[in-house]
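Engineer: Next input, structure requested:
(one chain, ligands or ions: 1)
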Amino acid sequence: MLPVLPPALLALADGTVFQGTSIGAAGRTVGEVVFNTALTGYQEILTDPSYCRQIVTLTYPHIGNYGVNVQDTEASKVHAAGLIIKDLPVRSSNFRQSQTLSEYLVAEGTVAISDLDTRRLTRILRTGGAQNGAIVAYPVGTEVTPAMKDEAVALARSAPSMAGLDLAQVVTRDEPEVWTETEWKLAGADGLPGFGQVTDAAFHVVAYDFGVKRNILRMLAERGCKVTVVPARTPAAEALKHRPDGIFLSNGPGDPEPCDYAIAAARELIETGIPTFGICLGHQIMALASGARTFKMKFGHHGANHPVKDLDNGRVSITSQNHGFAVDAATLPANLRATHVSLFDGTLQGLARTDKPAFCFQGHPEASPGPHDIAYLFDRFTDLMAQAKA
Ligand SMILES: NC(=O)CC[C@H](N)C(=O)O
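Structural biologist: Coordinates of the predicted model:
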């Protein structure tokens, strides 16, 4: 006999209510509901700090097939406000599995819902744009009433709008940390699976943690960087005390515009001429620091198969994406040029300063999860640092 599962509701601020099954922690959650089209990588998505205050709908129907493991986490905890999926397989299997997805969600206190029509939900979000929502998970056997649905809609409407929210301060760290761990390999230097360590670092990078993903730090370390990860509010003068060869501006949640402390630090650091690389929120912060503007997109880009064109050589990369804001191409100052563009909607994907060794990318070259086509941007950063040192 199949187990009786606890009921759950997903309510959207527009009044739409879906009934499904709770597959995570009991309780309630609110956030901006977005959809991600990646086929795999749910653990990396859940733990990506950029999803703070967002409830993620995964459009791929079977989620949980390979459980979760110790290595694939992008941060020390789940950051997504909630998870929405179509179907949780009864069994999961993988040689690295340490928990099932459901066990993990319960342990992390993450409220999640399955067994609802995620295609219908995605169409609502795509047509009307991302909107706030709430998931309410009830105890087994609860009879869901119309009053409970009304209450869930009211909860969805109580969530603040993402526009104007500085969430980098919410997810950043308190103290600096030195990072030396390289990428996970099936067979490392000793022939065993595991992460490596950077030895004899060629470069020292100061990385601003606005919600940094671990794979970014690993890809920097893999390329010979010792990374000092610093809190979001670190003033430029403080960062310079580390005598960095390069400055990295990380990804992160929320609206870039209110992050005035980060914009000011980035402006000052880029001015020094130290090579600077920004990813996602870091790209937006570099653009704002250079005088461009950002705007809130209708439903953003969240997936692992977005084609992006490199305007310098025409090369198209399939990329990982997760952003709800973008830099307005019409506002670029004379010293900021477009280097990459999305082939989905023509929005800006990459920028470079014409007067300083600083560049940035809107998508996720660390691709965790996702394809590695555009990992060359990390090499561009180490090349810039090598040139500056020579
Ligand atoms: N992944 C990110 O860094 C996202 C940046 C920003 N929070 C956005 O939604 O656009």
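Engineer: helix/strand/coil for the closest residue to Phe344 other than its chain neighbours?
Structural biologist: Excluding the flanking residues, the one nearest Phe344 by C-beta to C-beta, 6 or more residues apart in numbering is His306, at 5.8 Å. Using the backbone N, CA and C atoms, a C-beta is placed for each residue, glycine as well. Following DSSP: H, G, I helix; E, B strand; the rest coil, His306 is assigned to strand.
Engineer: which ones are touching His306?
Structural biologist: For His306, the contact set (C-beta atoms under 8 Å, 6 or more residues apart in numbering) comprises 318-321, 342-344, 363.
Engineer: what bridges to it?
Structural biologist: Beta-bridge partners for His306, by DSSP bridges, are Thr319.
Engineer: doesn't Thr180 make contact with Leu217?
Structural biologist: No: Leu217 lies out of contact with Thr180 (C-beta atoms under 8 Å); the separation is 9.1 Å.
Engineer: between those two, what contacts are shared?
Structural biologist: Val227.
Engineer: okay, the two: which has more neighbours?
Structural biologist: Leu217 (24 against 16; other C-beta atoms under 10 Å).
Engineer: Any figure for the gap between the more buried one and Val229?
Structural biologist: Using C-beta to C-beta, to the nearest Å, Leu217 is found at 7 Å from Val229.
Engineer: what residues are shared contacts of the two?
Structural biologist: Going by C-beta under 8 Å, 6+ apart, residues that sit against Leu217 and also against Val229 are 179, 207.
Engineer: What is the neighbour count of the spatially closest residue to Asn36 that is not a sequence neighbour?
Structural biologist: Setting aside the residues directly before and after it, Asn36 is nearest to His302 in space (C-beta to C-beta, 6+ apart), at 4.0 Å. Neighbours of His302 under the rule other C-beta under 10 Å: 25.
Engineer: Provide the secondary structure category for His302.
Structural biologist: strand.
Engineer: Please report how far it lies from Gly24.
Structural biologist: For His302 relative to Gly24 (C-beta to C-beta), the value is 20 Å.
Engineer: Next: Ala264.
Structural biologist: 39 Å.
Engineer: before we move on, what about Leu269?
Structural biologist: Distance from Leu269 to Gly24, by C-beta to C-beta: 40 Å.
Engineer: Asp255 too?
Structural biologist: 27 Å.
Engineer: Likewise for Ser102?
Structural biologist: 7 Å.
Engineer: who's more crowded, the two?
Structural biologist: Gly24 (28 against 20).
Engineer: Look at the more buried one and give its secondary structure.
Structural biologist: Under three-state DSSP, Gly24 comes out as coil.
Engineer: out of the contacts of His306, which are buried?
Structural biologist: 318-321, 342, 363 (16 or more other C-beta atoms under 10 Å).
Engineer: Tell me the secondary structure of the most centrally placed residue in the chain, please.
Structural biologist: By C-alpha atoms, centre = their mean, the chain has its centre lying nearest to Ser50, at 3.8 Å. For Ser50, the assignment made with three-state DSSP gives helix.
Engineer: doesn't Gly211 make contact with it?
Structural biologist: Yes: counting by C-beta under 8 Å, Gly211 is a contact partner of Ser50 at 5.6 Å.
Engineer: Please name every helix or strand in contact with the helix or strand that contains Val229.
Structural biologist: Element membership for Val229 (DSSP states H and E) is strand 225-231. Applying 3 or more C-beta pairs under 8 Å, 6 or more residues apart in numbering; DSSP states H and E, we find strand 225-231 packed against strand 177-179, strand 203-209, helix 214-222.
Engineer: which ones are touching the residue nearest to Asn36?
Structural biologist: 34-38, 56, 321-323.
Engineer: Just those: which are in helices?
Structural biologist: Using DSSP state H, no member of these falls within helices.
Engineer: From Lys149, how far out is Leu83?
Structural biologist: Distance from Leu83 to Lys149, by C-beta to C-beta: 20 Å.
Engineer: For the stretch 251-390 of the chain, which segments are assigned as strands?
Structural biologist: 276-279, 294-310, 316-327, 336-342, 348-353, 358-361 (DSSP state E, counting those that start in this stretch).
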